[in-house]
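Colleague: sequence and computational prediction follow.
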Amino acid sequence: MDSKSPRRVAHLDMDAFYASVELLRYPELRGQPVVVGGRSDKQPMPLEDGTSGFSRLRSYAGRGVVTTATYEARVFGISSGMGLMKAARLAPDAILLPADFGAYRYYSQLFKTAVARISPLIEDHGIDEIYIDLSSLTEDSNTLAQRIKQAVGESTGLSCSIGIAPNKLLAKICSDLNKPNGLTVLGFSDIPDRIWALPVSKINGIGPKANQKLATLGITTISELALADPGFLQAQFGRSYGGWLHEVAHGIDERPVIINAEPKSISRETTFERDLHARYDRHILSEVFTSLCAGVAQDLQGKGYVSRTISIKLRYEDFQTVTRDITLPLPTADAAAIRRAAAKCLRRVPLKRRLRLLGVRASSLSSGWVAESKRIPQQEELPLAIRTVD
DNA sequence: TCTGGGGTCCTAGGACCC
DNA sequence: TCTGGGGTCCTAGGACCC
């Protein structure tokens, strides 16, 4: 692309996506604090006689976290990633619904397909977000955004927030400025007015660790970061990250919108209800291990990939996490071969402490030949009637 | 009362080859 | 015998994101 032509990038973020999909199914819950989270396999489903059958946060016991909360639930201080037990103390009467990823993937496909009819230059960014390259379109940004929002609404019944800016960094920040159902268009000249007052944590890529370190250096807003000496930032954070901090604070981001990215890895992991011991709980662990490997194999085959590097991930009771991996002479998508490789990795890891999590990952992926008859259809390819919505 | 499951990207050391 | 770089692969860990 001509580097002199100005870019125009949209970031589209579905509003409280999982919770909003659940509200399509249970419209009687609209306006109430609703939390989606926990394990889908052990929670009671709502009774047929109405809202009284929904389970409440107060009755939850376990290790689950909040996946999404409606805006009514966020008022209580509930946010994504929070432990459900903690959320229950903040809002004991909030409704708790199990996550149904099959349904979310289905609605994800719907909204992405609808947007693709307006512009096919879409970068997937998780199940509920996309970047759209609008550079080659001629309509003005507000008109385009309204058309996109309308298409998303008509195809799914859901609302989204859109930010349009000269690059992905700024588009992402501004899609968040007027949530929910927001629309924000911004150019480089708007940065001092609209961006500089925001906390540095609004920048995609500045997480808890960097945020904390910046705070100890007296830098909490993007304007403070923009005014910081680049040499100082590089001395504190290293050449690469320090240089990046300086650039993003000034709204600079040259990353292209990547269409049709191939996956780099496919994994399955599970956190146990209680911490398990390698010896005393050997049979349970062995069963879980086998089924994780089978799951990875199924996903590889379903997506048409083979993998040359198999990894395991263990989390001990103290939350320390270790990984081991092995690279095979030939790539595979076979469950038994994956399990053999993963078992070799397991032998390299100490197993004295109890485990809270076990995971298996396949990486170094390449396209594998898969007979059509052996392909396992993915959830979103199935007709509604046979998708496992419950 | 601790902290899910699915990912991406980066760093860094050692092996190995030229 | 000693001492080089550069490049790539493999492995482990960690930050970060949705």
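Modeller: Sure, I can see it.
Colleague: how near is residue A:70 to DNA strand C?
Modeller: 16 Å (CB to the nearest atom of the strand, to the nearest Å). All C-beta spots, glycine's among them, are computed from the backbone N, C-alpha and C.
Colleague: one more: residue A:25?
Modeller: 20 Å.
Colleague: now do the same for that residue: its pLDDT.
Modeller: With respect to pLDDT, residue A:25 scores 95.
Colleague: count of neighbours near it?
Modeller: 13 (other CB atoms under 10 Å).
Colleague: likewise for residue A:56?
Modeller: Applying other CB under 10 Å, we find 14 residues neighbouring residue A:56.
Colleague: residue contacts, it?
Modeller: A:92, A:93, A:94, A:95, A:96 (CB atoms under 8 Å, 6 or more residues apart in numbering).
Colleague: quick check: beta-bridge partners of it?
Modeller: For residue A:56, the beta-bridge partners are residue A:95 (DSSP bridges).
Colleague: excluding chain neighbours, what is closest to the residue in chain A positioned nearest to DNA strand C?
Modeller: Per CB to the nearest atom of the strand, residue A:207 is where chain A lies closest to DNA strand C, at 2.2 Å. Spatially, and ignoring its direct neighbours in sequence, residue A:207 is nearest to residue A:201 (7.8 Å; CB to CB, 6 or more residues apart in numbering).
Colleague: how close does the one you found sit to residue A:214?
Modeller: Distance, residue A:201 to residue A:214, by CB to CB, to the nearest Å: 9 Å.
Colleague: between the two, who's got more neighbours?
Modeller: Neighbours were counted for residue A:201 and for residue A:214 using other CB under 10 Å; residue A:214 has more, 23 against 16.
Colleague: could you give the separation of the host helix or strand of that one from the chain centroid?
Modeller: Assigned by DSSP states H and E, residue A:214 belongs to helix A:208-216. On the basis of CA atoms, centre = their mean, to the nearest Å, helix A:208-216 is displaced by 23 Å from the centre of the chain it belongs to.
Colleague: sorry, back to before: tell me, how many residues neighbour the residue of chain A closest to DNA strand C?
Modeller: Residue A:207 has 10 neighbours, counted by other CB under 10 Å.
Colleague: again with residue A:283
Modeller: For residue A:283, the neighbour count with other CB under 10 Å is 8.
Colleague: so which strand or helix has it?
Modeller: Element membership for residue A:283 (DSSP H and E) is helix A:282-303.
Colleague: any buried residues in that helix, and which?
Modeller: Using 16 or more other CB atoms under 10 Å as the test for burial, helix A:282-303 gives A:285, A:288-290, A:292-297, A:299-303.
Colleague: so which of the residues you listed is the closest to residue A:360?
Modeller: residue A:292 (4.4 Å; CB to CB).
Colleague: so who does residue A:133 touch?
Modeller: By CB under 8 Å, 6+ apart, the contact list for residue A:133 reads A:7, A:8, A:9, A:119, A:121, A:123, A:256, A:257, A:259.
Colleague: run the last query once more with 10 Å
Modeller: A:1, A:7-10, A:119-123, A:168, A:256-259 (CB atoms under 10 Å, 6 or more residues apart in numbering).
Colleague: so what's the backbone phi/psi at it?
Modeller: The phi and psi values for residue A:133, taken as degrees, to the nearest 10, are phi -90, psi 110.
Colleague: same thing with residue A:259?
Modeller: Per-residue torsions, residue A:259: phi -90, psi 140 (degrees, to the nearest 10).
Colleague: give me the neighbour count for the closest residue to it other than its chain neighbours.
Modeller: Among residues not flanking residue A:259 along the chain, residue A:121 sits closest, at 5.8 Å (CB to CB, 6+ apart). Residue A:121 has 17 neighbours, counted by other CB under 10 Å.
Colleague: go ahead and confirm residue A:121 touches residue A:132.
Modeller: Yes - between residue A:121 and residue A:132 there is a contact under CB atoms under 10 Å: 6.3 Å.
Colleague: what sits in contact with each of those two?
Modeller: Common contact partners of residue A:121 and residue A:132 (CB under 10 Å, 6+ apart): A:9, A:10, A:257.
Colleague: now flag whichever of these is closest to residue A:150.
Modeller: Closest approach to residue A:150 among those (CB to CB): residue A:10, at 14.2 Å.
Colleague: which residues does that closest one contact?
Modeller: Residue A:10 is in contact with A:115, A:119, A:121-122, A:130-134, A:141, A:144-145, A:148, A:162-165, A:168, A:171, A:174-175, A:183, A:185, A:257, counting by CB under 10 Å, 6+ apart.
Colleague: could you redo the last one with a cut-off of 6 Å?
Modeller: Residue A:10 makes contact with A:132, A:134, A:162, A:164, A:171, according to CB atoms under 6 Å, 6 or more residues apart in numbering.
Colleague: Three-state assignment for the closest residue to residue A:348 other than its chain neighbours, please.
Modeller: Setting aside the residues directly before and after it, residue A:348 is nearest to residue A:324 in space (CB to CB, 6+ apart), at 5.0 Å. Following DSSP: H, G, I helix; E, B strand; the rest coil, we place residue A:324 in the strand state.
Colleague: quick check: beta-bridge partners of residue A:324?
Modeller: Going by DSSP bridges, residue A:324 is paired in beta bridges with residue A:312.
Colleague: which parts of the stretch 201-350 of chain A sit against DNA strand B?
Modeller: Taking CB under 7 Å from any atom of the strand as the contact definition, the stretch 201-350 of chain A meets DNA strand B at A:238, A:240-241, A:263-271, A:295, A:299, A:318-319.
Colleague: and the two most separated of the residues you listed?
Modeller: A:238 and A:295 (37.2 Å).
Colleague: ends of stretch A:300-320, what's the gap?
Modeller: Stretch A:300-320 has an end-to-end distance of 28 Å (criterion: CA to CA, to the nearest Å).
Colleague: show residues contacting it.
Modeller: Applying CB under 6 Å, 6+ apart, the external contacts of stretch A:300-320 come out as A:266, A:275, A:321-328, A:331-333, A:338, A:341-342, A:345-346, A:349, A:353-357, A:359-366, A:368, A:370, A:376, A:378.
Colleague: now restrict the contacts of residue A:10 to buried residues only.
Modeller: Taking 16+ other CB under 10 Å as the criterion, what is buried in these is A:132, A:134, A:162, A:164, A:171.
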